[in-house]
Every structure is written in structure tokens, then in C-alpha cells.
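**Q** give me a 3D structure for the following:
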Amino acid sequence: GSSQLYLDQFPLFNHNGPNSKDAEPALRVLARGHGAVVNDCAGVPAGRSWQHAAKMAGIQSCAAFPILKFKQLIGVFAVYAGQPNFFSADIVKLLEEMSADLSFAMEIMHLDALRKNAEQALKEREENLSVTLQSIGDAFIATDTAGCITRMNPAAEQLTGWRFEEAQHRPLEQVFCIIDARTRQAVENPVHKALANDGIVKLSNPIALLSRDGHEYQIADSVAPIRDARQKTIGAALVFHDVSKQYAITAALRESEERFRHVNEATGGYIWEIDTQGYYTYVSDKSEHVKGYAPEALLGHQIYEFIPEEEATWIRDAINNANPDDNKFHLTVRNVAPSGKIFWEEMRGIVLLDNQGRVQKIRGAGVCINERVKAEADIKHLAYYDPLTDLPNRRMFVGSLKQAVASAKRRDMFGALLFFDLDRFKNLNDSLGH
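**A** So this is what the prediction gives:
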């Protein structure tokens, strides 16, 4: 109890004069950083601040030594005795060794705490990394610098057909078997390429992954080196995902476009697209063959500029009256060629609507039908006119006669039919046909 009262009189970190050589030994250690030994407290000159307190506490000898942690003073190891000359050279040496041991123990404890913190942080990072890799949708494989597998996530297991426990430490080529999807030839290991170039590698060719279970996947992948804190390459990270559906959709779209192009070329027509104001937004190359205008001459112009006004109304009506149940149109319209010549075009189109039934764009195709219109006109002419003389034939005569008879009946009138020969024309008809 008295020793505690003694120590309470000297707050170590609030003492006003710790640098004084007459300071209490423990405070002197704090001030100077090395040990202090007093073997006769009673013999200390009177008037020193701690002498009376030591006497009251029964302290006659004291020794104090610094406790260091990596050369930084963090405390004092002090021993007090109730008899004078207690601290012999051997005891002082022993206490110095104990002080050094305490300092060493403090350093070990500090290092151990740092190690535990580092291990905990590493464990947390490892857990976070593991959770992240388990959660991402892309497949992930990590290798060492020799190209052997060190880590892979479930997505990679599913695509390769290998469980990580089986694939670990195996060369990547045994697990990640890829070929060129077009040539069916083996593809260079991307990890080796990334490690050799010390950079990111992306495979551009259509790549197929041959799974262990016999499945084949179209994949897209990239590889990047893994570097430590000193930027030393310690492995590679391979990320890939299944793009088989995208490839199938792209191939189907390409085939559809090619089929449409072949059909369009076979029909001799061209493809066009206009916005809601009638401005061309797309025109295929065949437009010059059909309309006499190159695509660039039509783009940015309204479709109505090339059609007589009375027929342009038909297109406007088809657009304005379009609805989800009736959004297609088929028109035969006259067009004006660059030369000013009128030609006939058969136009088929569809009005594209959004979910609210609003017009988004109009897409269609056109083909020149001049020859067909002429052929139809010729057929109609041949039906009513003699091919030899180009005069009305018997069919027109019968039709005209029926109309005249019907008209006479409606008006309550009589009609007359005259039959006569003109310059022996009857003989010509009888011999060469009617």
C-alpha cells in the first residue's frame, strides 16, 4: 500500500521536470531512455522532490530500466527495495536482461498481432474473392506461370466439364480445349500467349470449347497476367463465357439477310425504308436499276417527291390508316424517272407500329413493272381488236351491240343493225380470219 502511495505521487507523463538529473529514477529513464540505479535513497541530498516520499514508503534502493519496442521507448521496468545497496552488479545485470526480455516480448507480441491481423485480412480477402468468383456468371480459370490451373469457379466447371478438384494443378490445355470453329483446327493456348507477351490477349476468331462431357460451346474469352504487389507476374487469369445462342442468332440473321438479298436480286426489286414524314432512311443499291436514282440521291428526300400527287395520296392513306390488324399495303403507282419519263412500279410495304399502335417507320420493296403493264395493255387490246387490221373485232362488236340494246330498252327506243361489205373486206376476213 505504501509503495502504491509513493508511485501515485509521481504521474509519469505529467511530471514537470523529468529531464533533471535529480528526478525520480523511473522518470529519469523516461527522460533519458537508459537505466538508472540508486542504492541509497537516504543518502540523496535533502530537498529533492521524491526523497521524502521514498522515506515514507520505506524505500531505500531503486532501479529502473527502459522497455523498448523496435527502439521506441514504451515503458519503464522499475524495482524498489527496502534495504540500502540492494542492487549489486549481478542483480543490475539480471534486471537489464529482464528489461531486454520484456522489450523483446513486446516486439514479439506486436509482430504476432500484425501477423494475426494480416492473416485475418488475407482470409477475408480470400473469402471475398471466393464468393465473388462463385457468384459471377462468367467462367474464370487462374493459372500459375507454368500454365497449370490454380483456381476455377462453378461456371468454368460447367463449361469445361471438369471439377476443380480434378483440374487443379493440371496444364490448362487438358481442361480448356479450344478449336477454331470454322477450320476445326486447334488454337494456341491463350494463357501462354498472355504470359509471353506480358499483356492482355483476346481471341477474335470464332472459338469453340470442347467440353469433357462431349458438348461444344461457342465462347468469347480474354486472358490477362496476374501480378503481385511488386508487379511481378505470378500467373494468368482466363475469363470466358458461352456465346452459342448469340452465334446461332447471328448466323440465323445472316442467313435470313442473305436469303432476302437473293430473293430481292432474283425479283429485280429494291428495298426501301421511310420515316413517319415519308423521308427515305434506307435504300438498297438496286434502286438505281429500278427507279434510275442511286441510293444517295434518294436518302433525305420524301418518297412523295417521285410520285404524282394523286397517287402519293394512296401511300399517305396506307400509313395513316395502318393498325395492328391491317398494316400492309400493295400499290401500283407511277414514278417519275430522272429523265422525266413516267414508269410503273409495284410497291409492297408494311407499316411498323409500336406497342401503342403509333407508326414508327415504313419498310417496303419496289419493282419496275413497265413490261407487265404493257403486256396487260397489249392483251386487253388484242381481246377487242383484230391483230391484222387493228380494227375492232367481233368481241368488241358484240359488246357494243349489247350496250346499245340495253341503252335502247332503258330509253324505250328502237335500234337498227346494218351489215354491209366495204371494198370486199368480207372476203378478206373470211379468208384470213375475223
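
**Q** and the residue nearest to Leu299 when sequence neighbours are not counted, how many neighbours?
**A** Closest residue to Leu299 apart from its sequence neighbours, by C-beta to C-beta, 6 or more residues apart in numbering: Tyr280 at 5.1 Å. Heads up, the C-betas are built off the backbone N, CA and C, glycines and all. Residues near Tyr280, counting by other C-beta atoms under 10 Å, number 21.

**Q** then Asn323?
**A** Neighbours of Asn323 (other C-beta under 10 Å): 9.

**Q** and Val131, by the same measure?
**A** Neighbours of Val131 (other C-beta under 10 Å): 10.

**Q** what's the offset of stretch 241-259 from the middle of its chain?
**A** 18 Å (C-alpha atoms, centre = their mean, to the nearest Å).

**Q** oh sorry, the question was meant for stretch 378-394
**A** Remark: stretch 378-394 is offset 70 Å from the chain centroid, using C-alpha atoms, centre = their mean.

**Q** thinking again about what came up before, name the SS class of the residue nearest to Leu299, please.
**A** Three-state call for Tyr280 (DSSP: H, G, I helix; E, B strand; the rest coil): strand.

**Q** what ranges do the strands span in the stretch 151-300 of the chain?
**A** 177-180, 201-202, 207-210, 216-227, 233-242, 270-274, 280-283 (DSSP state E, counting those that start in this stretch).

**Q** which one of these is the most hemmed in?
**A** The highest mean neighbour count among those, using mean count of other C-beta atoms under 10 Å, belongs to strand 270-274: a mean of 21.

**Q** list the contacts for the nearest residue to Val283 once chain neighbours are set aside?
**A** The shortest distance from Val283 to any non-neighbouring residue, by C-beta to C-beta, 6+ apart, is to Pro295 (4.0 Å). Pro295 sits next to Val283, Ser284, Asp285, Ser287, Glu288 when contact means C-beta atoms under 8 Å, 6 or more residues apart in numbering.

**Q** contact partners for the nearest residue to the fourth one once chain neighbours are set aside?
**A** On the basis of C-beta to C-beta, 6+ apart, the spatially nearest residue to Ser287 that is not a chain neighbour turns out to be Tyr270, at 4.3 Å. Taking C-beta under 8 Å, 6+ apart as the contact definition, Tyr270 lies against Asn264, Val283, Ser284, Asp285, Lys286, Ser287, His289, Val290, Lys291, Ala365, Gly366, Val367.

**Q** please save the CA atoms from stretch 367-375 in CSV.
**A** Provided in CSV are the C-alpha atoms of stretch 367-375 (Å, rounded to 0.1, in the frame of the first residue of the first chain):
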residue,chain,number,x,y,z
VAL,A,367,-40.1,-3.4,-108.6
CYS,A,368,-40.5,-1.9,-112.1
ILE,A,369,-43.5,-3.4,-113.9
ASN,A,370,-43.4,-1.4,-117.1
GLU,A,371,-43.2,-4.6,-119.2
ARG,A,372,-46.0,-6.2,-117.3
VAL,A,373,-48.3,-3.1,-117.6
LYS,A,374,-47.5,-3.0,-121.3
ALA,A,375,-48.2,-6.7,-121.7
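
**Q** and that stretch, what's buried?
**A** For stretch 367-375, the neighbour count (16 or more other C-beta atoms under 10 Å) marks Val367, Cys368, Ile369, Val373 as buried.

**Q** and what of stretch 384-399?
**A** Asp386, Asn393.

**Q** between the two ends of it, how far is it?
**A** From its first residue to its last, stretch 384-399 covers 9 Å (C-alpha to C-alpha, to the nearest Å).

**Q** now it: mean pLDDT?
**A** Averaging pLDDT along stretch 384-399 yields 77.

**Q** before we move on, what about stretch 159-169?
**A** Rounded mean pLDDT across stretch 159-169 is 93.

**Q** cool, and stretch 104-115?
**A** 91.

**Q** chain center to it: distance?
**A** 48 Å.

**Q** same question, stretch 67-81
**A** The answer for stretch 67-81 is 61 Å, by C-alpha atoms, centre = their mean.

**Q** how much space separates Val359 from Glu371?
**A** Distance of Val359 to Glu371, given as C-beta to C-beta, to the nearest Å: 34 Å.

**Q** and if you look at Ser204?
**A** Distance check for Ser204 against Glu371: by C-beta to C-beta, it reads 49 Å.

**Q** returning to that earlier point: which of the buried residues of stretch 367-375 sits closest to Ala36?
**A** Distance to Ala36, by C-beta to C-beta, is smallest for Val367 among the buried residues of stretch 367-375, at 112.3 Å.

**Q** ok, residues contacting the host helix or strand of the closest one?
**A** Taking DSSP states H and E as the definition, one finds Val367 inside strand 359-368. Strand 359-368 has contacts (C-beta under 8 Å, 6+ apart) with 264, 267-276, 281, 290-291, 319, 322, 329, 343-354.

**Q** got the phi/psi numbers for the spatially closest residue to Phe414 that is not a sequence neighbour?
**A** Excluding the flanking residues, the one nearest Phe414 by C-beta to C-beta, 6+ apart is Ala408, at 6.4 Å. Backbone torsions for Ala408, taken as degrees, to the nearest 10, come to phi -70, psi -40.

**Q** let me know whether Ala408 touches Leu417 as I believe.
**A** No - counting by C-beta atoms under 8 Å, Ala408 sits too far from Leu417 to count as a contact (11.2 Å).

**Q** list residues touching both of those two?
**A** Both Ala408 and Leu417 lack any common contacting residue under the criterion C-beta under 8 Å, 6+ apart.

**Q** circling back to that earlier point, list only buried entries from the contacts of Pro295.
**A** If we count by 16+ other C-beta under 10 Å, these have these buried: Val283, Ser284, Ser287, Glu288.

**Q** the residue lying closest to the last one once chain neighbours are set aside and Asp285, how far apart?
**A** What that stands for is Glu288. Spatially, and ignoring its direct neighbours in sequence, Glu288 is nearest to Ala294 (4.7 Å; C-beta to C-beta, 6+ apart). With distances taken as C-beta to C-beta, Ala294 is found 8 Å from Asp285.

**Q** what do you get for Ala196?
**A** 46 Å.

**Q** just for the stretch 1-150 of the chain, where's the confidence low?
**A** Applying pLDDT under 70 to the stretch 1-150 of the chain flags the ranges 1-22, 44-49, 132-133, 135.
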